[in-house]
Each structure stands twice: as structure tokens, then as C-alpha cells.
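**Student:** Predicted structure and sequence below. I'll ask about it afterward.
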Amino acid sequence: MTFQEIQQKLSSKQISVEEIVKNYLTQIQNKKSLNAFIDVFENEAIENAISIDKKIQNGNAGKLAGMVIAVKNNIAIQNHLLTCGSKILENFKSLFDATAISRLKKEDALFIGATNLDEFAMGSSTETSYFGVTKNPIDETRVCGGSSGGSAVAVAANMSTVALGSETGGSVRQPSAFCGVYGLKPTYGRISRYGLVAYGSSLDQIGICGNSVYDIALTLETISGVDENDSTSANVIVDNYISNFNKNIKGLKVGIPKEYFTDGLNAEIKESIFSQIEILKSNGVEVVEISLPNSEYTIPTYLIIAMAEASSNLARFDGARYGYRANDVKTLLDMYIKSRSVGFGDEVKRRIMIGTYVLSSGYYDAYYRKAQKVRRLIYQDYVDVFRKVDFIITPTTPTTAFKIGEKNSDPVTMYLQDIFTVSANLAGICGISIPIGKDKLGLPIGMQILGKHFDEKTILNVANFIERK
Ligand code: GLN
């Protein structure tokens, strides 16, 4: 059910919040093999549901009463585990709520559990988690995408109404595409990062997975906006996205970047996207071929910046302040080394090593500084293009969901999964992946709509239009 359907059923008293929660809990139980959750808040969710039902009866419930949310386990919920999919934080509980969480609580949204993720959000398949692989509900031999894989699966397999994820390079959009749901990456600064465990701080944003554009828009409206606890949160007006739905799309201009539709692209994905573009065209949208000339540099630029920032952010996990500490150590240094060697998995170690290398003296100018300069050019490509078009359409992913294990032995082919998504994080713009069909194997195909900085309004309106069509 979408939240709109839930709202209708609640207002006609066909269902209670308690029943909704119990239904989701049953689904979670029945679909355990998917491994979407690290932690399920069973009793707490039922208790909260009962108290929200009372509020509804008394007429003083918040606007999200009846919305049940699953939360990627790198977003802090007070008194709950915050593992980041890592052994190093296996038993760590958060002392406070992320800003996004407290804003949702205020509106009576309810949390059902913490979802699985690639360790510290590093990955594209939810295979690097210490808590095991999350499987694709459409075909359990395939990956669900990542790193917010558990969140996309929770929504796709009816275990929650919406789910929060996080985006550093595509981690909400890509698993949403693989699982056939909607997935939004907001503009950098739109949502407070307070309580989101840092991976690449200049790229990170909380994102949202949902079964409808309406659900995502409503959640976004609730959690967006400036926050004194995050100096990078932007003081920019939060639009009323839903009232902007149904606004005529006629006369809008869509940009189709030629660099994104080359021969390497899967033919079925290409075809489905072009059939959507035809629909937009016949509804008065003008199609413009555009160029994003620095596209070939997006992956190396992203990897250098993301890994550099990750190596710095993850320095705090030293066995002293948080989480796992190795015993059987003789010196302080020994304690740091053993705690980190045992606590982190291979992918995280790989990234810390590369990140440390590109920041080290002698290599800083050649890699990190250079990457920052190229990042500026990628940003400028978008600024230039958005003078000519209102939004951009691309594929979300180069392929549909691949087999579990298929890309594990070669990190570079895994990194190439993000080829269509990372530039939005580098430029800080917003984007949404929407399901537009299936390939021959029945696997979902995602289409990406990219928008200007803080113009979630336009991409949500276009996404809602396509959803209704
Ligand atoms: N797959 C990308 C990476 O591994 C993006 C991850 C993310 O967005 N958190 O870095």
C-alpha cells in the first residue's frame, strides 16, 4: 500500500495503525530470507501504533500518522543499534535521533526497523555488510543494489511504507532501480546530515525510497530544511511539493545527454527510456540533445574524493571511542591496529588505504587537488546545461540487477555501476530514479530524472506525471 491508500483506509476506519504495523511485521517475518533488516523494532512499533491510533481517535495525530518507515542503519535512532553494517559498530547504540528522524517522529511517523547496507555505505550491491547479503525480492539469486539495499527491499517487498537511505554516489537511486521502486537523492544541503554517519561528507545526503512519488514528496517536505546542528544544511525555502503536482509539464525542456546513451548501454534500458521520452514529447515537453563533456571523469573524480573523505571520517573508529576494541593488545598503537584490522571489512580497508594515499604528501596535488578541480568542471557542466533545460533524463544504471557474487572479485567493475549516478552527488544537484518497466527476465528498469539545485519540485512533478501515465 502507498501512504495515500493507507490514509484513505485510516480515515474510513477500514484499518488501524496497529493492523498496518502487524501486517508489515508479518511480511518481514515471512521474507526473512531477503535479509533486509539488521534490527526489527517489533514491540516498540506495536506500542507506538496503539498510541497513534489513540491520537487519531482524539483528532490530534500528526500528518504522517500511519506511515511506517524503515531506516538505513547508518542513520541514528535514539537507543537503537547504529551498526553501519560493520563489525566495528556491531553493538553500538545511538544516544540521539538524527534530525530527519526527530522531524518524522513529530508528525507521528513510526519506525519499524533498521535496514541492511553495504559496510559504511561503501558498495553498490549490499554484499559488503558484516550482517550478510540482502537479496533482490524479484529474484533472490540477484543483488538488490546498494548501498541502501535493505531500504529499497523493505519498500519493494511491502515491509514498510517508505524507507530512508543515504546517498554518496547513487546509493538510493541504484537499489531503487534494481528493486522497482522510486528513489530520491535530494540536493546537497536540503536535508540535515545530523545523525547520518559520515562517509564522504561533501557528497552525503539522506535519501528516500517509496512506492509512489507522493509518499516521497510528503516525506521530503517533512524532513527538509535548515538545521542548526548541520552547518551545511541550506537555508532555502522548502516547497510544497504535493500541491505542485498536476502542474502542466507542457513547455518544459528535457535534456538528453549524448554521453549517457552510448553503445555500451543495455538495449532494453535504452528502449524503455526512449519510449518514456516519446510520452513526454507527445505531452508538450521539448526534447533537447545536450552534452556533459566531463562525464568520462566522473567515476575517478568521485572515487578519489569519496575515498579521501572516507579515510578521514573513519579515523574516529579507533577502538577507543566507539564500538569494537580488540583485546589481547600490548600498546596503544597495537590496540588501534588490531581493533581496526578486525573491525573493518575488506572494502572499507581498501578505501581507507586509497583515501589515505591520495591525501598523502607528494600525492595530494596529483590526485586530491586535481579531483577537486575536475569536480568543479563537472558542476559547471550542469550549471551550463540547466540554463537551457528544466530537467535531464538518463538511465539510472547501465544494467538491471546482476547476480550475487558476479562483481565481487573485481572492484572496478563494481565501481562502474555508479557511472550514471555519481555526477549528481559531485555537482550537488537532485535526482530521482523511477521504475519504468521490466527487461526480458522480468527485472525492473529505472530511469533517472535530474534537476537543478533545490528544484526537487520540478523533478517530483515530472515523476508524478509519468507515474500517473
Ligand atoms: N556505490 C557507491 C560507492 O560505493 C555509492 C555509495 C553511496 O552512495 N553511499 O561509493
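**Tutor:** Perfect, I can see it now.

**Student:** Going by C-alpha atoms from here, please, whenever you check contacts or count neighbours.
**Tutor:** Noted.

**Student:** In space, what's closest to Glu286 - neighbours in sequence excluded?
**Tutor:** Lys253 (4.7 Å; Cα to Cα, 6 or more residues apart in numbering).

**Student:** close enough to count as contact, the one you found and Phe386?
**Tutor:** No - counting by Cα atoms under 8 Å, Lys253 stays clear of Phe386, with 9.8 Å between them.

**Student:** Secondary structure element for the nearest residue to Gln7 once chain neighbours are set aside, which one?
**Tutor:** In space, and not counting its chain neighbours, Gln7 is closest to Gly66: 7.1 Å by Cα to Cα, 6+ apart. Using DSSP states H and E, Gly66 sits within no helix or strand.

**Student:** how near is Gly66 to the ligand?
**Tutor:** Remark: distance between Gly66 and the ligand (Cα to the nearest ligand atom, to the nearest Å) = 29 Å.

**Student:** Need phi/psi at that residue.
**Tutor:** phi 100, psi -10 (degrees, to the nearest 10).

**Student:** Just give me the neighbour total for Lys407.
**Tutor:** 16 (other Cα atoms under 10 Å).

**Student:** so the nearest residue to it once chain neighbours are set aside, which of the three states?
**Tutor:** Excluding the flanking residues, the one nearest Lys407 by Cα to Cα, 6+ apart is Met414, at 5.7 Å. What DSSP: H, G, I helix; E, B strand; the rest coil gives for Met414 is helix.

**Student:** Report the mean confidence score over stretch 285-300.
**Tutor:** For stretch 285-300, the mean per-residue pLDDT is 97.

**Student:** actually stretch 454-468, sorry about that
**Tutor:** Here the average pLDDT along stretch 454-468 is 97.

**Student:** Now do that stretch: everything it contacts.
**Tutor:** For stretch 454-468, contacts defined as Cα atoms under 8 Å, 6 or more residues apart in numbering pick out 186-187, 190, 212-214, 217, 236, 239-241, 244-247, 249, 276, 390-391, 429-432, 434, 449-451.

**Student:** one more time with 7 Å, if that's ok
**Tutor:** Contact with stretch 454-468 is made by 186-187, 213, 239, 241, 244-246, 249, 391, 430, 434, 449-451, as judged by Cα atoms under 7 Å, 6 or more residues apart in numbering.

**Student:** I'd like to know which of the residues you listed are part of helices.
**Tutor:** Under the assignment DSSP state H, these contribute Val213 to helices.

**Student:** Shouldn't Ser166 be within a helix?
**Tutor:** No - Ser166: not assigned to a helix; according to three-state DSSP it is strand.

**Student:** For the ligand, what's the nearest residue on the stretch 1-150 of the chain?
**Tutor:** For the stretch 1-150 of the chain, the residue closest to the ligand is Gly123, as judged by Cα to the nearest ligand atom, at 3.5 Å.

**Student:** what about that residue, which SS state?
**Tutor:** For Gly123, the assignment made with three-state DSSP gives coil.

**Student:** shouldn't it be in contact with Gly146?
**Tutor:** Yes - assessed by Cα atoms under 7 Å, Gly123 is found in contact with Gly146 at 5.9 Å.

**Student:** Quickly note the distance from the residue nearest to Lys407 to Lys13.
**Tutor:** Distance, Met414 to Lys13, using Cα to Cα, to the nearest Å: 48 Å.

**Student:** So for the two, which sits in the more crowded spot?
**Tutor:** Per other Cα under 10 Å, whichever of Met414 and Lys13 has more neighbours is Met414, with 15 against 9.
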